[in-house]
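K.L.:
Can you look at this prediction? I've put the sequence above it.
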Amino acid sequence: MLRVRALFAVPAVAMVAATLVLTVPVSQASGQIAQEKVDLGVIARIRQEGLERSQIPALAHHLTDVIGPRLTGSPGMKAANEWTATTLKSWGLTGVEVEPWGRFGRGWKNVSYEGRILTPYSQPMPGQASAWTGNTKGTITAPVMVVEGGVDSIAKYGTKLRGALVLLAPARPLPPEFRDPEERRTPVDSLLAPVNQRARPPIGWDTLLVKIQKQQAHADSLLRAAGVAGVITGSGSAYGTIRGGGDWSATNPAMPIPVPNVIVQQEQYNEMYRNVTSGVPVTVQLKVQNRFLTDDLNAYNTLGDIRGTDKPDEYVMIGAHLDSWHYGNGATDNAAGSIVMMEAMRILKTLDLHPRRTIRIALWSGEEEGIYGSRGWIKKHPELAPKISAYLNLDNGTGRIRGVWDQGNAKAIPIFEQILWPFHDLGVVAVRHGNTGSTDHVSFDDAGIPGFNFIQDPIEYGLRTHHTSNDVYDHLELEDLKQAAVVVAATAYELANRDEMFPRK
């Protein structure tokens, strides 16, 4: 059962003026009293630096508009690793490195896409190639055919699909939304409303990913055997949004290159499906050119430290995934989290703060394909696991921080309640008892290391920007990200200065 506590309010003027180190008691259901030292003087300085002299806009511009999409193994990902490392070094962080976490496999980059529907009437076919799919043989003109029953039914068509562009799924209804897109939460609704939630069992990521890759490889083999010219896939999203993923099995250089698979607007996909299934011929002109990269099969994380004083061999880590899909430029997923964590480190370094424990930033790759970068780093450094006090993650879009999940560790609640209470006036109001998954803090949690993901306002993340062509700079809420960087910087600093390590589950 979900357990939620509201944080205490503190007047902004009083907080900014404070120079005291306070010990704040909070009573818990267990009857115990937890006490945390909260340095309000340092927090006031962090707020001033982060809210008045933020580098968030400049960081966001360079990572999204200049470097662009950052698919793991691509030139964009390499450029992002190098730029983040150079930037962290310029701020005076130590131990900065671009470190390989292990073998990822074949890289991929889309070079060009051209699509047009020729019949029953001529129209552009906006779209993009799905990651790790192959090329057309130059510009092709091909009929569109529907495979009833999906890819597993393709054998029954014999040679009828040879040279065709195939639709493997039915048309998808797109009903009106009849509501505003995802928006800001308020304390009276989802932030403080109890929610029943079962405990999250550890995810067998390796087993799951192997299963997915086997399914993808099987589908690829059936499509090649049928001799299709390519696959057209609907985006699944409304209003012309292109949303997609990739064929992870093709990262294995031993596997054949899949047939080209292009993601198109769902409305246009539905139109083609209706025409073909009603007997109206559809012809498409298509050119897809991609480049596969095999010169370096490793993938990399960017790391850097603010070294601790009397506990330098213990760590508080903050992180976000630097990689993205290629459909937009990875602004809300997850340039937002990456630049927030970078800005948090800049704030701490600019203020010349000296935490007791080392604060380490980690910008991961391979998250989109299975949180590979963070899992690979933990496997590579087992000696550090008992020395990591806590890991803080940000990966839910552009919205401001509203609280944090305790990730099933009830001992975390009083700690976060007290550390976060000075930010109630900035909208940080809840510490939730429960789990949230599917990003890099899970790697730490599964390894027995306290790992936490902040709660954020969803804004329009799920509906509009997550893994889509709309995931660009213009949909970043820069003021929200400034707030997030301040909250992260203060939280990391306070955790790094605790007398004790963060309690394990």
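P.N.:
Received it, and whenever you're ready, just let me know what you need. Numbers count the residues shown, from 1 in each chain.
K.L.:
tell me the secondary structure for the closest residue to Asn470 other than its chain neighbours?
P.N.:
Excluding the flanking residues, the one nearest Asn470 by Cβ to Cβ, 6 or more residues apart in numbering is Arg464, at 5.2 Å. Every residue, glycine included, has its C-beta placed from N, CA and C. Arg464 falls in the helix class when you classify it by DSSP: H, G, I helix; E, B strand; the rest coil.
K.L.:
Report how many residues lie close to Arg464.
P.N.:
20 (other Cβ atoms under 10 Å).
K.L.:
does Leu168 really touch Gly150, like I thought?
P.N.:
Yes: using Cβ atoms under 8 Å, Leu168 makes contact with Gly150 at a distance of 5.3 Å.
K.L.:
hang on, the residue nearest to Asn470 packs against Asp474?
P.N.:
No: in this structure, Arg464 is not within contact of Asp474 by Cβ under 8 Å, at 11.1 Å.
K.L.:
re the thing from before, which one's more surrounded, Leu168 and Gly150?
P.N.:
More neighbours surround Leu168 than the other of Leu168 and Gly150, with 21 against 11 (other Cβ under 10 Å).
K.L.:
which residues touch that one?
P.N.:
With contacts defined as Cβ atoms under 8 Å, 6 or more residues apart in numbering, Leu168 is in contact with 147, 150-151, 231, 233.
K.L.:
Closest one to Gly158 out of these, please.
P.N.:
Ranked by distance to Gly158 (Cβ to Cβ), the contacts of Leu168 are led by Val147 at 12.2 Å.
K.L.:
how close does that closest one get to Ile361?
P.N.:
According to Cβ to Cβ, to the nearest Å, Val147 and Ile361 sit 47 Å apart.
K.L.:
Pretty sure Tyr113 sits in a strand.
P.N.:
Yes: assessed with three-state DSSP, Tyr113 lies in a strand.
K.L.:
tell me which residues of the helix ranked longest in the chain are tucked away?
P.N.:
Longest helix of the chain, by residue count under DSSP state H: helix 205-226. Going by neighbour count (16 or more other Cβ atoms under 10 Å), the buried part of helix 205-226 is 209, 213, 216-217, 219-220, 223, 226.
K.L.:
Turn these into JSON lines, columns for pLDDT and distance to Gly115.
P.N.:
Supplementary listing: the buried residues of helix 205-226 in JSON lines, determined by pLDDT from 0 to 100; distance: Cβ to Cβ, whole Å:
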{"residue": "Leu209", "pLDDT": "81", "distance to Gly115": "30"}
{"residue": "Gln213", "pLDDT": "88", "distance to Gly115": "27"}
{"residue": "Gln216", "pLDDT": "91", "distance to Gly115": "23"}
{"residue": "Ala217", "pLDDT": "90", "distance to Gly115": "26"}
{"residue": "Ala219", "pLDDT": "92", "distance to Gly115": "22"}
{"residue": "Asp220", "pLDDT": "92", "distance to Gly115": "21"}
{"residue": "Leu223", "pLDDT": "96", "distance to Gly115": "19"}
{"residue": "Ala226", "pLDDT": "96", "distance to Gly115": "21"}
